[in-house]
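Student: output the structure for:
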Amino acid sequence: MAAEHIKHWRIGEVEVARIVEVNAWEDDITMLLPDATPAFVQQYKWLQPHFATADGKMILSFQAFVLRSRGKTFMIDTCIGNDRQREFDVFTNMQTSFLQDLRTAGFPPEQIDGVLCTHLHFDHVGWNTRKEGDHWVPTFPQARYYFGREEYAHWQHLRETDGYHHVDHLVDSIDPIVQAGLVDFIDPDFQLTDEVSLIPTPGHTPGHVSVLIRSGGQEAVITGDMMHHPIQLAIPATHGRFDMDQARGAQTRVEFVDRFADTSTLVIGSHFSDPTAGHIVTDGASWKLKTE
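Tutor: Now for the predicted structure:
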């Protein structure tokens, strides 16, 4: 995706940039909420024009984040990646300017110190590697890669038991990193720096985490896939199709909204289309995202 979609935030002393790989993808709301209708989306007028179309389709983006804290540079997820064979045609054999966009944003790939994967779905781990001839090699060989211990174990279990989920991405995006000895398996209390820590937000996957930034009296949180679309702020207890444990995912969203609604915490949604970030505010008996 072209560099014009790069966006920057500053949270205290922490610099954050958004790198977009698939911008403003429109799809039926039933992809996320099986029982919803276009009319259900249309009732939330605040979703338009950024997060929903006039005819009630949801708008999503596929993007990653890079941040600088205490002199260190970290990727937060790594999108889909080029040259992959994926379950969905739209994500197969992609050719994007992701690595050049990192440079343009001021975060050259060779200066990445760490890669934190909120979870191990294919659209959050792709640029962990790049294709070199017939082989997949680490994109950031100078970096440590941080995979959740429980998360990694679950994906290995799915592979070993021919489980309920596609696991092809493990071969090209996860295994080469493990084989290169670049992985640190972490628990949810892990901190990238004293300004950047993790919040356990299970449900979408068992070991899913969100990323909490606290610096200079300011606070922000990068959601990961704890939620996919701002409409889930209005109905956090509603089950989402993409969650491995739908009941736990709903509970996590309720807890997240309880914690961050009507606070100064900037919520940066990993799949929220531009402007991507805002504040959760009370909206009658519900909540909405107030963008800047």
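Student: count the residues that sit near residue 89.
Tutor: 7 (other C-beta atoms under 10 Å). C-beta here means a position set from N, CA and C on the backbone, and glycine is covered the same way.
Student: roughly how far apart are it and residue 59?
Tutor: 20 Å (C-beta to C-beta, to the nearest Å).
Student: biggest helix in the protein by residues?
Tutor: As assigned by DSSP state H, the longest helix anywhere in the chain is helix 246-260.
Student: what about the strands in the stretch 151-292 of the chain?
Tutor: Under the criterion DSSP state E, counting those that start in this stretch, the stretch 151-292 of the chain contains strands at 183-186, 191-193, 196-200, 209-215, 218-222, 266-268, 277-283, 286-291.
Student: dump those to JSON lines, plus distance to residue 35, mean pLDDT and mean neighbour count.
Tutor: JSON lines is the format used below for the strands of the stretch 151-292 of the chain (distance: least, C-beta to C-beta, whole Å; pLDDT from 0 to 100; neighbours: other C-beta atoms under 10 Å):
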{"stretch": "strand 183-186", "distance to residue 35": "36", "mean pLDDT": "98", "mean neighbour count": "17"}
{"stretch": "strand 191-193", "distance to residue 35": "38", "mean pLDDT": "98", "mean neighbour count": "16"}
{"stretch": "strand 196-200", "distance to residue 35": "28", "mean pLDDT": "98", "mean neighbour count": "20"}
{"stretch": "strand 209-215", "distance to residue 35": "26", "mean pLDDT": "98", "mean neighbour count": "22"}
{"stretch": "strand 218-222", "distance to residue 35": "28", "mean pLDDT": "98", "mean neighbour count": "21"}
{"stretch": "strand 266-268", "distance to residue 35": "25", "mean pLDDT": "98", "mean neighbour count": "24"}
{"stretch": "strand 277-283", "distance to residue 35": "21", "mean pLDDT": "98", "mean neighbour count": "17"}
{"stretch": "strand 286-291", "distance to residue 35": "17", "mean pLDDT": "97", "mean neighbour count": "18"}
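Student: as CSV, the ones you listed with distance to residue 116 would be great.
Tutor: Listed next are these as CSV, based on distance: least, C-beta to C-beta, whole Å:
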stretch, distance to residue 116
strand 183-186, 8
strand 191-193, 6
strand 196-200, 8
strand 209-215, 7
strand 218-222, 10
strand 266-268, 14
strand 277-283, 18
strand 286-291, 24
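Student: closest to residue 260 out of those strands?
Tutor: strand 277-283 (5.4 Å; C-beta to C-beta).
Student: I would like the residues contacting the closest one, please.
Tutor: 9, 46, 220, 230, 233-234, 257, 260-269, 287-292 (C-beta atoms under 8 Å, 6 or more residues apart in numbering).
Student: list the neighbouring strands of it plus their orientation.
Tutor: strand 266-268 (antiparallel), strand 286-291 (antiparallel) (DSSP bridges).
Student: which among those strands is found nearest to residue 164?
Tutor: strand 266-268 (29.8 Å).
Student: okay, the strands paired with strand 277-283 in a markdown table with distance to residue 105 next?
Tutor: Shown next, in a markdown table, are these (distance: least, C-beta to C-beta, whole Å):
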| stretch | distance to residue 105 |
| --- | --- |
| strand 266-268 | 15 |
| strand 286-291 | 21 |
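Student: so which of these is nearest residue 26?
Tutor: Shortest distance between residue 26 and the strands paired with strand 277-283, using C-beta to C-beta, is found for strand 286-291: 18.2 Å.
Student: contacts for the closest one?
Tutor: Strand 286-291 is contacted from outside by 44, 46, 50-51, 230, 233-236, 257, 261, 267, 269, 272, 275, 277-281, using C-beta under 8 Å, 6+ apart.
Student: now these: which count as buried?
Tutor: For those, a burial check counting by 16 or more other C-beta atoms under 10 Å picks out 44, 46, 50-51, 230, 233-236, 257, 261, 267, 269, 272, 277-280.
Student: where does pLDDT dip in the protein?
Tutor: Applying pLDDT under 70 to the chain flags the ranges 1-2.
Student: please, where are all the helices along this structure?
Tutor: With DSSP H as the criterion, the chain has helices spanning 38-42, 98-105, 149-160, 168-169, 175-179, 231-234, 246-260.
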